[in-house]
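**Student:** Build me a model:
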Amino acid sequence: QVQVVQSGGGLVQAGGSLRLSCAASGRTVSSYAMGWFRRAPEKQREFVAAINWSGKSTYYADSAQGRFTITRDNAKNTVYLQMNSLKPEDTAVYYCAARYDIGQGFELRSEYDIWGQGTQVTVSS
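**Tutor:** Numbers count the residues shown, from 1 in each chain. This is a model prediction of the structure:
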C-alpha cells in the first residue's frame, strides 16, 4: 500500500519561495500520477498542480501557472512543488496526492485515493 509523507512548507514573505516535497513509500509510484492540492481557510480543497507518471506532462491551476513548478524523481519516489513569487493568497494547507495514472482527470480531487498529511504554507504581506 502506498503512503505519502510531505515535508517543507512554513512561513515566508510575499515574493519569496518555498519547496514542498512528497515522498512515497510502500511501493514504487512510477506508474502513479501525483498532484498537489490546497485548502485555504473557509474554502474547499482546490487543485494546484499535477504531473503524470513519467514527468513529461504537467498541469497547473491558473493561479499557479508561471509561478509554481511540479517535478518528480521516480528513482527517489518523490515529487516536488517549487513555489516562487508567493502571494498572501497562496496561504493554505497543501496536500500531496497520488493515484494510478489513467491519463486523464489530473485536476480532479475525487480521482486521487492517496493523500499526504498536509503542510501549512503561510505567506505574509
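**Student:** any idea how far residue 125 is from the residue most central in space within the chain?
**Tutor:** Nearest residue to the geometric centre of the chain (Cα atoms, centre = their mean): residue 36, 2.2 Å. Residue 36 sits 23 Å away from residue 125, taking Cβ to Cβ, to the nearest Å as the criterion. To be clear about C-beta, it is placed using only N, CA and C from the backbone, and glycine gets the same treatment.
**Student:** picking up where we left off before, who's the residue nearest to the centre of the chain bridged to?
**Tutor:** In this entry, residue 36 is beta-bridged to residue 49, residue 96, by DSSP bridges.
**Student:** what sits against it?
**Tutor:** Residue 36 makes contacts with 20, 22, 48, 49, 50, 70, 79, 81, 94, 95, 96, 97, as judged by Cβ atoms under 8 Å, 6 or more residues apart in numbering.
**Student:** again with residue 79
**Tutor:** By Cβ under 8 Å, 6+ apart, the neighbours of residue 79 are 21, 22, 24, 34, 36, 51, 70, 71, 72, 73, 96.
**Student:** can you rerun that using 10 Å?
**Tutor:** 4, 6, 20-24, 29, 32-36, 49-51, 55, 70-73, 96-98 (Cβ atoms under 10 Å, 6 or more residues apart in numbering).
**Student:** now residue 115, nearest residue through space, not along the chain?
**Tutor:** The spatially closest residue to residue 115, leaving aside those adjacent along the chain, is residue 97, at 5.3 Å (Cβ to Cβ, 6 or more residues apart in numbering).
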